[in-house]
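>>> sequence and computational prediction follow.
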Amino acid sequence: MNSYRFHKYQGAGNDFVIIDNRENKFDAKDFALVNQLCDRRFGVGSDGLMLLENDDHYTFRMRYYNSDGREATMCGNGGRCIVAFAHHLGLFEKEVTFVAVDGVHQAIMESDEVVDLEMIDVDFVERIGEDFYLNTGSPHYVVFQDLSDLDVVKEGRSIRYNARFKEEGTNVNFVSMDKDCLKVLTYERGVEDETLACGTGVTAAAIAAYVMSGCQYEGFDIEAKGGRLGVRFQAKSINEFEHVWLKGPAVRVFEGDITL
Ligand SMILES: N[C@H](CCC[C@H](N)C(=O)O)C(=O)O
C-alpha cells in the first residue's frame with residue numbers, strides 16, 4: 001500500500017486528480033492504480049489524472065491519463081487546471097510555458113480561477129458528410145444537430161466504436177449553433193462516458209463552427225453542461241488555424257491523501 005498526496009481540480013465540470021510528481025515517485029505505468037484513483041467509488045474520482053513533472057527546458061511537463069488508466073493525448077481543460085496548480089505551487093506569477101504530449105503551450109492566469117491556454121495549431125479539418133473530424137491535441141468528431149432529447153452516450157458510442165474509429169477511438173461532440181454562441185455536449189474517449197465539458201472538444205467545435213458559419217466568426221462563447229468556455233483563433237485558411245486559445249474556469253476543489 002502506498003499513500004498519495006493529490007489535488008482535485010475542475011474546469012467547467014471536467015474534473016481531474018493532479019499529483020505533484022517532480023520527484024518522479026509515481027508509477028505511471030500502473031494502469032490499475034490510475035484507474036482506481038479516478039474511480040468515483042473506490043478512489044478520489046475524476047475524468048482524468050495528471051502528473052506535474054520537471055522538464056529541462058520548460059517550467060513543467062504535463063502528463064495526462066484518461067480515467068481508464070491509460071496515458072492519453074492532450075486535455076484542454078486539464079491543461080488549464082494544471083496551470084492553476086502550478087501557479088498554486090508558486091512556479092510562476094502570470095504567464096507560463098509548459099510542455100505536454102502535443103508540444104509546447106503558453107498559458108495566462110487571467111485571475112485566480114480563470115486560465116487562458118494556447119492550444120496547438122490545427123492544420124486539417126476533414127469533412128465526413130455533414131460532420132467534421134479534426135485534431136486539437138486530441139481527435140474530435142463534430143456533429144451539428146438539435147440537442148433536445150439527445151442520448152449523448154448512446155449516439156457518442158455508436159460513432160466512437162464504428163468501423164473507422166473503434167481501434168484508436170475518437171471523442172464525439174454534438175453542437176448547436178446560434179451565431180457566435182455554441183452549446184456542446186461531449187462523449188469522451190477513455191472516459192467512455194459523457195463529461196460535463198471537454199476543452200479540446202469545444203475547441204474542435206468552435207473551429208468546425210467557423211467553417212459551418214461560412215467563416216463569419218473567429219471566436220465563440222460555448223455553453224458546456226458544466227460551465228462556460230471561450231475559444232478564439234486566427235484562420236489561415238478553411239483548413240488551417242493558429243493562435244488557438246481556450247479560456248475558462250480552473251478551480252481548486254480540495255486536496256488530500258489517499259492510501260491504495
Ligand atoms: N478523453 C480525451 C483526452 C481528454 C480531453 C478532454 N478532457 C479535454 O479537456 O480536452 C482523449 O482521450 O482524446
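In hand now; what should we look at?
>>> after the helix or strand V175 falls within, next one along is what?
Following DSSP states H and E, the helix or strand that holds V175 is strand 171-178. Next helix or strand after strand 171-178 toward the C-terminus (DSSP H and E): strand 181-188.
>>> what residues does this structure put near the ligand?
Listed as neighbours of the ligand in the chain under the rule CB under 6 Å from any ligand atom: 14, 47-48, 66, 72-73, 75-78, 138, 171, 188-191, 198-201. (C-beta placed from N, C-alpha, C; glycine too.)
>>> helices of the stretch 101-250 of the chain, residue ranges please.
152-160, 199-212 (DSSP state H, counting those that start in this stretch).
>>> tell me which of those sits most buried.
helix 199-212 (a mean of 28; mean count of other CB atoms under 10 Å).
>>> pLDDT (mean, whole number) over that one?
Model confidence over helix 199-212 averages 97 on the pLDDT scale.
>>> put together a markdown table for the helices of the stretch 101-250 of the chain, with distance to I108 on each row.
A markdown table is the format used below for the helices of the stretch 101-250 of the chain (distance: least, CB to CB, whole Å):
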| stretch | distance to I108 |
| --- | --- |
| helix 152-160 | 31 |
| helix 199-212 | 15 |
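>>> so which of those is nearest H57?
Minimum separation from H57 across the helices of the stretch 101-250 of the chain (CB to CB) falls at helix 199-212, 23.4 Å.
>>> how many other residues sit next to the residue nearest to E118 when sequence neighbours are not counted?
Nearest non-adjacent residue to E118, counting by CB to CB, 6 or more residues apart in numbering: Q106, 4.4 Å away. Using other CB atoms under 10 Å, Q106 has 14 neighbouring residues.
>>> and Q106, what does it touch?
The contact partners of Q106, by CB atoms under 8 Å, 6 or more residues apart in numbering, come to E95, V96, T97, L117, E118.
>>> re earlier: contacts for the strand holding V175 next, please.
138-147, 150, 152, 155-156, 159-160, 182-189, 198, 200-202, 204-205, 208-209, 212-213.
>>> check stretch 86-101 too.
7, 20, 52, 55, 57-64, 71-74, 79, 82-83, 104-109, 137, 252.
>>> just the ones of those in helices?
Among the contacts of stretch 86-101, DSSP state H puts G79, I82, V83 in helices.
>>> list buried members of those residues by neighbour count.
With burial judged by 16 or more other CB atoms under 10 Å, the buried subset of these is G79, I82, V83.
>>> okay, those in a markdown table with distance to K166 and pLDDT next?
Formatted as a markdown table, those follow (distance: CB to CB, whole Å; pLDDT from 0 to 100):
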| residue | distance to K166 | pLDDT |
| --- | --- | --- |
| G79 | 27 | 98 |
| I82 | 30 | 99 |
| V83 | 34 | 98 |
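>>> which of these lies closest to the ligand?
G79 (7.6 Å; CB to the nearest ligand atom).
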